[in-house]
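Participant: make a model of this:
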Amino acid sequence: MRLLRGLHNIPDPFPGCAATIGNFDGLHRGHQALLSALHTVADQHGVPTLVLLFEPQPKEYFAPDKAPARLASLREKLQDLNADHVDYVLCLPFNHALRSMSADAFIEDILVKTLKIRHLIVGDDFRFGCDRKGDYQALASAGEQAGFDVQDSSTFLVAGERVSSTRVRAELAGHNLQGAADLLGRPYSMSGRVAHGRELGRTIDTPTANVLIRRKQLPIRGVFAVRVRHQETGDIWQGVANAGYKPSITKIPEPSLEVHVFDFNGNLYGQHLTVEFLFRIRGEQAFASLDHLRAAIAADKQAARDYFAALAGQSPAASS
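Facilitator: Just a heads-up that it's a prediction; the model follows:
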């Protein structure tokens, strides 16, 4: 996969593409079905696949304090799209210039002249251009004139309801990890590089990896039994993690992910980990003293070990 940051990085000449546009936050099963359809039409036209993203996401630009928590950081999103064998990801900065661009200019300057689009897949509720005046019908009409096809992305249902990033967030907010996994096709996870933290865990016999998650808000909070995968080596461990804002340690509301990896004595600093959330042990709490915190962490570790012991002989994806 090749990441193109901005229109100026598009190769010249460009062979044209089959493309889709969206946030692709979390790359749930609906996204996966859309990308499967995109690969099919790209093969039919003999062109590469391209996913067009915006950074920040439009809702974050217009209302940063009200935008929903991201399921995936940009890095995680790119990892997911690369795993799906997308050929190009075009990431455009969502700024005043793009926000002010008319729908006609977006179609003519970006889709037709620059991307030489051959086939486009979007939802029938897709809106674009200044004041969201562009819609699916505008794209279909432009496609008839410019010679590209426009296809409506099929609705993907789970339990009779449409799969969406909003629905995944709702399942996570309701502590239904299995429900979120059903929508994603895998356990919900967060990834990041391990950085130096306060190293408080070492003083209470529970060393933790401070995973940098690059988020302003968290879609999930609490203490969890987790599966940890080393992105470089592929090694997999079990552990316990706290996702939240460290109420017992700092009053600065900075999202954090602290992971204690069971039966591991190596050095993880600078390494990239993916943390899969399998079972929620409790909500995040503030404790009056380090002794109370130490006792709670000991109970959390035992609860996580009990969870994994109960899973012995079962599929590791089965979580509750």
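
Participant: pull the helix or strand with minimum mean pLDDT from this protein.
Facilitator: Among the helices and strands of the chain, helix 200-203 carries the lowest confidence by mean pLDDT, DSSP states H and E, at a mean of 52.

Participant: I'd guessed residue 74 sits against residue 54; true?
Facilitator: No - counting by Cβ atoms under 8 Å, residue 74 stays clear of residue 54, with 10.5 Å between them. Backbone N, C-alpha and C define where each C-beta goes, glycine included.

Participant: now do the strands in the stretch 51-200 of the chain.
Facilitator: With DSSP state E, counting those that start in this stretch as the criterion, the stretch 51-200 of the chain has strands at 88-93, 117-122, 149-152, 157-158, 161-162, 189-195.

Participant: pick the most buried one from those.
Facilitator: Most buried of the strands of the stretch 51-200 of the chain by mean neighbour count (mean count of other Cβ atoms under 10 Å) is strand 117-122; its value is a mean of 23.

Participant: any idea of the mean pLDDT in stretch 268-277?
Facilitator: For stretch 268-277, the mean pLDDT works out to 96.

Participant: straight-line length of it, end to end?
Facilitator: Distance across stretch 268-277, first residue to last, is 19 Å (Cα to Cα, to the nearest Å).

Participant: residue 208 contacts residue 258, correct?
Facilitator: Yes - contact criterion Cβ under 8 Å: residue 208 and residue 258 qualify, at 4.3 Å.

Participant: which one's more surrounded, those two?
Facilitator: residue 208 (25 against 22; other Cβ atoms under 10 Å).

Participant: could you list the low-pLDDT ranges of the stretch 101-250 of the chain?
Facilitator: 197-205, 246-250 (pLDDT under 70).

Participant: what ranges does it have for its helices?
Facilitator: 103-105, 136-146, 165-173, 177-184, 200-203 (DSSP state H, counting those that start in this stretch).

Participant: hey, which of those helices is tucked in deepest?
Facilitator: On a mean-neighbour basis (criterion: mean count of other Cβ under 10 Å), the most buried of these is helix 177-184, at a mean of 21.

Participant: what packs against that helix?
Facilitator: Contacts defined by 3 or more Cβ pairs under 8 Å, 6 or more residues apart in numbering; DSSP states H and E place helix 177-184 against helix 165-173, strand 272-282.

Participant: what angle sits between that helix and strand 189-195?
Facilitator: Angle of helix 177-184 versus strand 189-195, following axes from the mean of the first three to the mean of the last three Cα atoms, to 10 degrees, is 100 degrees.

Participant: now do helix 177-184: distance to the chain's middle.
Facilitator: In terms of Cα atoms, centre = their mean, to the nearest Å, the centre of helix 177-184 is found 14 Å from the chain centre.

Participant: can I get the CA coordinates of it in PDB?
Facilitator: Provided in PDB are the C-alpha atoms of helix 177-184 (Å, rounded to 0.1, in the frame of the first residue of the first chain):
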ATOM      1  CA  LEU A 177     -17.200  -6.300  24.000                       C
ATOM      2  CA  GLN A 178     -18.600  -9.300  22.300                       C
ATOM      3  CA  GLY A 179     -21.200  -7.100  20.500                       C
ATOM      4  CA  ALA A 180     -18.400  -4.800  19.300                       C
ATOM      5  CA  ALA A 181     -16.400  -7.800  18.100                       C
ATOM      6  CA  ASP A 182     -19.400  -9.100  16.200                       C
ATOM      7  CA  LEU A 183     -19.500  -5.800  14.300                       C
ATOM      8  CA  LEU A 184     -15.800  -5.500  13.700                       C
END
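
Participant: ok so, going back, what would the strands of the stretch 51-200 of the chain look like in CSV with distance to residue 142?
Facilitator: What follows is those, written out as CSV (distance: least, Cβ to Cβ, whole Å):
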stretch, distance to residue 142
strand 88-93, 18
strand 117-122, 10
strand 149-152, 8
strand 157-158, 30
strand 161-162, 27
strand 189-195, 38
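
Participant: quick check: the spatially closest residue to residue 53 that is not a sequence neighbour vs residue 55, distance?
Facilitator: Once flanking residues are discounted, residue 53 sits nearest to residue 91: 5.0 Å by Cβ to Cβ, 6 or more residues apart in numbering. The gap separating residue 91 from residue 55 is 5 Å, by Cβ to Cβ, to the nearest Å.

Participant: tell me, what's touching these two both at once?
Facilitator: residue 74 (Cβ atoms under 8 Å, 6 or more residues apart in numbering).

Participant: what residue is smack in the middle of the chain?
Facilitator: residue 72 (2.2 Å; Cα atoms, centre = their mean).

Participant: that residue contacts residue 26, doesn't it?
Facilitator: Yes - between residue 72 and residue 26 there is a contact under Cβ under 8 Å: 5.3 Å.

Participant: need the residues that contact stretch 62-73.
Facilitator: For stretch 62-73, the external contacting residues (Cβ under 8 Å, 6+ apart) are 25-27, 56-57, 59-60, 80, 165-166, 168-169, 188, 190-192, 213-219.
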